[in-house]
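Participant: Next one to model:
(2 chains)
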Amino acid sequence: MEVDDLSLVSKARTGDPDAFRALVVRFQRKVYAVALGIVKDPDLAWDVAQEAFVRVHQSLATFEGKSAFSTWLFRITTHLAIDTLRKERPTQKEDVDEVREADLEGGGEGILSTALGNDPRANVLRRELAAKIQDALANLSEKHRTILVLREVEGLSYEELAERLGIHKGTVMSRLFHARKNMQAALRRYAGRPARAASEEEEQP
Amino acid sequence: MTSCPRFAPLLGARPGELSSSEMRALEAHLATCERCRLAAADLAVTDGLVRDGLIQKANARDFAPFVDEVMARIAGAGPARHLPAVAPAARGLRAWLAGHRRAVATALAPVLAAAALIVYVRQQGQRPGQVAMLELASEGDVTMVLQTSDGPVVLLGEERT
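Facilitator: I've put the predicted structure just below:
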């Protein structure tokens, strides 16, 4: 039976290195995924993920257990990833969170649902699109990447996102709208090349 | 439709995240707005794609050395390769002491020697039967051995390779 997180934390607090190793192994890939989504660079994400565990280890004595260990770990990871990014590129273009009519223009709505919903090869296309996520995220601003990653990888609610990012719930919803809109525009470009055509190309000698 | 900007941010909400009045208003809007219906359908089919894509990347990477590298960093043996250096204070007193053993031993040696002498003299005068010999010896520059009633206490200097 798998030992729960809090039991491992209790043992790690007493200096049991194996307990902390178990926590690292349990969360390493998801922590890396969160870091990768925000900082984009795989090597930098690797460092951020490791540093997050180091900071957690240093602060084990202060962990009160009011939230889940994973919540605390991902909070540290998020802050570390954002700080690291801002140290590297301090000047960032400010995104507008407000949603205007002009933001809804451009068309293309329904392309993804048609491709992913009706095509018999929808699962193949979904896997192809998932493989393009890192590229698509790279074209988004830091704020948009961060909120999408926290929403989808960490699974935070609107309220939790507002608390984590220090913004109002309304801003969370409008920022998520812009982030998704930009992400979907990138995915539509990838989906525009039908999965069937792509696989036929690969089959040719 | 002019009310679309009001409803677009509500698309993609999870159960329980919208109030009942927001839900009713959104449903009424979707019933009359094809663009928002299609946008909602796109959101529904792409939900989880970011998670799947990033986890896919993480799973494709070899994590075999990860935990050992983390533990080495915790022990102070493996600095971050890309991150800005962390100040000693941020890494904690233990890590700082581990990195400055030689300086700490050098600085503490005369203090401990003086303290030991005081303890020896006072205890000799008060309870001679409970006091063991207290000696101070040194090897090389900084390695100190304090002989106390509880046994030898060794202050290690830098390891020589």
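Participant: Now do the domain split for the chain, please.
Facilitator: Using chain A. Domains of chain A are assigned by automatic domain parsing as A:5-88, A:101-203.
Participant: Chain B, not that one
Facilitator: Split by automatic domain parsing, chain B gives B:4-60, B:66-99, B:101-155.
Participant: Worst mean pLDDT among these?
Facilitator: Per-stretch mean pLDDT for these is lowest at domain B:101-155 (a mean of 44).
Participant: Check chain A for the residue nearest chain B and tell me.
Facilitator: residue A:133 (2.6 Å; Cβ to the nearest Cβ). Heads up, the C-betas are built off the backbone N, CA and C, glycines and all.
Participant: Name the spans of chain A whose pLDDT lies under the cut-off.
Facilitator: Within chain A, the ranges that satisfy pLDDT under 70 run A:1, A:89-108, A:115, A:117-122, A:192-205.
Participant: tell me, what residue is most central in chain A?
Facilitator: The centroid of chain A falls nearest to residue A:149 when counting by Cα atoms, centre = their mean (2.2 Å).
Participant: list the contacts for the closest residue to it other than its chain neighbours?
Facilitator: If the residues on either side of it in the chain are set aside, residue A:149 comes closest to residue A:37, at 3.5 Å by Cβ to Cβ, 6 or more residues apart in numbering or on different chains. Shown in contact with residue A:37 (Cβ atoms under 8 Å, 6 or more residues apart in numbering or on different chains): A:137, A:145, A:146, A:148, A:149, A:153, B:50, B:54.
Participant: that's a helix at residue A:37, yeah?
Facilitator: Yes. Assignment of residue A:37 by DSSP: H, G, I helix; E, B strand; the rest coil places it within a helix.
Participant: For it, give its distance to residue A:187.
Facilitator: To residue A:187, residue A:37 is 15 Å away according to Cβ to Cβ, to the nearest Å.
Participant: and if you look at residue A:70?
Facilitator: Distance check for residue A:70 against residue A:187: by Cβ to Cβ, it reads 28 Å.
Participant: what do you get for residue A:123?
Facilitator: Distance, residue A:123 to residue A:187, by Cβ to Cβ: 15 Å.
Participant: and the two? which has more neighbours close in?
Facilitator: Per other Cβ atoms under 10 Å in any protein chain shown, whichever of residue A:123 and residue A:187 has more neighbours is residue A:187, with 25 against 11.
Participant: Can you report how many residues lie near the residue of chain A closest to chain B?
Facilitator: Residue A:133: 26 surrounding residues under other Cβ under 10 Å.
Participant: who's in contact with the closest residue to residue B:66 other than its chain neighbours?
Facilitator: The shortest distance from residue B:66 to any non-neighbouring residue, by Cβ to Cβ, 6+ apart, is to residue A:28 (5.2 Å). Going by Cβ under 8 Å, 6+ apart, residue A:28 touches A:49, A:53, B:63, B:66, B:67.
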